[in-house]
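Asker: Any chance you could fold what I've pasted below:
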Amino acid sequence: MGPRAVTPTGRAFRRPARRFVAALVVVVGGASILGVGFVRGMGIGAADQPSASPSGAVAVGPPDTPEPIRSAPPSGSAAPSSPPASTPPGTSPPPSGTPQTRATLAGPALQAELERVRRRLGIPGMSVTIVFEDGSAWTGVGGLADVAARTPVAADTAFAIASVSKTFTSALILQLVDEGRIRLGDSAASRLPALPLKLDRRITVAMLLDHTSGLADYFLNPKIDGPLQRRPSVAWTAADALAYVRKPLSPPGKAWHYSNTNYLLLGLIAEQVTGKPYAELIRSRLLDPTGLGATWVQVGDAPRTTIAHGYRLPGTKITVKPVDLADGSGVAPFRSVVSAAGAAGSIAATSGDLAAWGRALYTGRVLGPHGTALLLSGFTTTTSYLPGVAYGYGIQSLSIDGHASLGHSGRLLGFRSAVRHFPIDGITIAVLTNQSRADPGVIVRRLLRLALPVVRTCALCRGVD
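Answerer: Predicted structure coming up:
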């Protein structure tokens, strides 16, 4: 499909106020965002980066680096093809005289690069949305949502967003903090009196948010792989997942360890405080107010659009045949692992919705100035612990080719995603893929170069007579 100069879900994007962006950069500067080099491995965690072993286990491997760009597979290879780059069905080219936006100007080059990278990384299907500083938005798609049925990815195809879900959970908790219903210094144990897991009472809500609780990640327990995959269509409870939490990795507040256990517990705390299910809280407090009509919690909410199948790519060859992970339940990649992820990684969305969410969250429209400052304040604690990517309260900060960014990445068996908002440049990029081998950070980086305005020089600008 060809480039589209569209506004995701029909909303109009507003340029962030310069005053607020400046304040945002100052706050994030405390986390040395401007000095952090490009971090190549951006997937970190179980719902973030389970590595697919030859047996298809959900075991989590070490932080990985992106697959190198390889030559395009030969004709007739197993790599799925993409629809031709043309005007999407049901749409027409912009009429003559249409004002030129950043989206319409950059769209053709972005679509060509998207397809080139997708083929060379052997990605079955992907969807990307970029919102520009002028408020225009471009959505590009490529490849297949369902390889066996030869169903192409469309602009309204959703993907599992894995640990990008943590940005929603963090926003929910910070809303409750702002309302005075939770305090960051509250003991997590005091908020979860009936928890079937003995928690150190020194673990606070803040420690869960920034991964300094010391709690082990239940997805990192190799014993969880078999039960999850033997019965993929069975829904897990939080108690089922927490049974796989092993002994603490460090005392509370003494080190940084990315752990899905933290965010599973945060979802339970939100439910305990409000008396409402997590899925209902996410929809009523975040999705509906932000106008995200193609985003939902997969276990607990009704699907809002068609979701892509997730694929395991065994081996490193680009021509390897994708293995479909769908269990027939409509939950992607399959119900057991998504329900076990809970508030740590169970949301699905289109790239258009996810770009809209990232822009709204990081420009202050979701939490307001006070709540957004709180969102960014967690970097102060974790910086001294040297996490692979600077991490705050459910937010990563890093510099990509010298451009400061805020966001989160996600990796779940069969899916990888990344959302990056560039506050100085005014650009937001959301990348969704239905595979867990290739790093979407590579795609963000390549598309960013094309999305940035071209800096033109002239004799007058250089002060030359």
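
Asker: Please save the CA atoms from stretch 436-453 in PDB.
Answerer: These are the backbone C-alpha positions of stretch 436-453, laid out as PDB (Å, rounded to 0.1, in the frame of the first residue of the first chain):
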ATOM      1  CA  SER A 436      10.000 -10.900  17.700                       C
ATOM      2  CA  ARG A 437      13.400 -11.200  15.900                       C
ATOM      3  CA  ALA A 438      14.200  -7.800  14.300                       C
ATOM      4  CA  ASP A 439      14.500  -4.700  16.400                       C
ATOM      5  CA  PRO A 440      12.000  -2.000  15.500                       C
ATOM      6  CA  GLY A 441      14.500   0.600  16.800                       C
ATOM      7  CA  VAL A 442      16.300   0.100  13.500                       C
ATOM      8  CA  ILE A 443      13.100   1.200  11.700                       C
ATOM      9  CA  VAL A 444      12.600   4.200  14.000                       C
ATOM     10  CA  ARG A 445      16.100   5.300  13.300                       C
ATOM     11  CA  ARG A 446      15.900   5.000   9.500                       C
ATOM     12  CA  LEU A 447      12.500   6.700   9.200                       C
ATOM     13  CA  LEU A 448      13.500   9.500  11.600                       C
ATOM     14  CA  ARG A 449      16.200  10.600   9.100                       C
ATOM     15  CA  LEU A 450      13.600  11.000   6.400                       C
ATOM     16  CA  ALA A 451      11.000  12.500   8.700                       C
ATOM     17  CA  LEU A 452      13.200  15.300  10.000                       C
ATOM     18  CA  PRO A 453      12.900  18.600   8.100                       C
END
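
Asker: Just the buried residues of it, please?
Answerer: Using 16 or more other C-beta atoms under 10 Å as the test for burial, stretch 436-453 gives 436-448, 450-452. Glycine gets a C-beta too; all of them are placed from N, C-alpha and C.

Asker: In helices, which of the residues you listed appear?
Answerer: Within the buried residues of stretch 436-453, residues falling in helices by DSSP state H are 440-448, 450-451.

Asker: Let me have those residues in TSV, adding distance to Val323 as columns.
Answerer: Conversion of those to TSV gives the following (distance: C-beta to C-beta, whole Å):
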residue	distance to Val323
Pro440	20
Gly441	24
Val442	22
Ile443	22
Val444	26
Arg445	28
Arg446	27
Leu447	28
Leu448	31
Leu450	32
Ala451	33
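
Asker: could you dump those to CSV with pLDDT?
Answerer: Output for these, formatted as CSV (pLDDT from 0 to 100):
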residue, pLDDT
Pro440, 97
Gly441, 96
Val442, 95
Ile443, 97
Val444, 98
Arg445, 96
Arg446, 96
Leu447, 97
Leu448, 97
Leu450, 96
Ala451, 95
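
Asker: Can you pick out the most distant pair from the buried residues of stretch 436-453?
Answerer: Ser436 and Leu452 (28.6 Å; C-beta to C-beta).

Asker: about what we covered before: just the closest of the buried residues of stretch 436-453 to Ala109, please.
Answerer: Relative to Ala109, the closest of the buried residues of stretch 436-453 is Leu450; by C-beta to C-beta it sits at 5.1 Å.

Asker: Now the closest residue to Thr306 other than its chain neighbours. Its backbone dihedrals?
Answerer: The spatial neighbour of Thr306 that comes closest, neighbours along the chain excluded (C-beta to C-beta, 6 or more residues apart in numbering), is Thr157 at 5.9 Å. Geometry field for Thr157 lists phi and psi as phi -80, psi 130, criterion degrees, to the nearest 10.

Asker: Contacts only, for Thr157.
Answerer: 125, 127, 141, 145, 305-308, 350 (C-beta atoms under 8 Å, 6 or more residues apart in numbering).

Asker: Check what pLDDT the most centrally placed residue in the chain gets.
Answerer: Nearest residue to the geometric centre of the chain (C-alpha atoms, centre = their mean): Val164, 3.1 Å. As predicted, Val164 sits at a pLDDT of 98.

Asker: Could you count how many residues lie near the residue nearest to Ser170 when sequence neighbours are not counted?
Answerer: The spatially closest residue to Ser170, leaving aside those adjacent along the chain, is Gly394, at 2.6 Å (C-beta to C-beta, 6+ apart). Residues contacting Gly394 under the criterion other C-beta atoms under 10 Å number 28.

Asker: and Gly394, what does it touch?
Answerer: Residues in contact with Gly394 (C-beta under 8 Å, 6+ apart) are 166-167, 169-171, 209, 263, 375, 408.

Asker: from those, which ones fall inside strands?
Answerer: Taking DSSP state E, the ones among these that sit in strands are His408.

Asker: Now intersect the contacts of Gly394 with the helices, please.
Answerer: 166-167, 169-171, 209, 263, 375.

Asker: from the contacts of Gly394, which two are the most distant?
Answerer: Of all pairs drawn from these, the widest gap by C-beta to C-beta lies between Tyr263 and Leu375 and measures 14.7 Å.

Asker: Please tell me I have it right and the residue nearest to the centre of the chain contacts His408.
Answerer: Yes: using C-beta atoms under 8 Å, Val164 makes contact with His408 at a distance of 4.9 Å.
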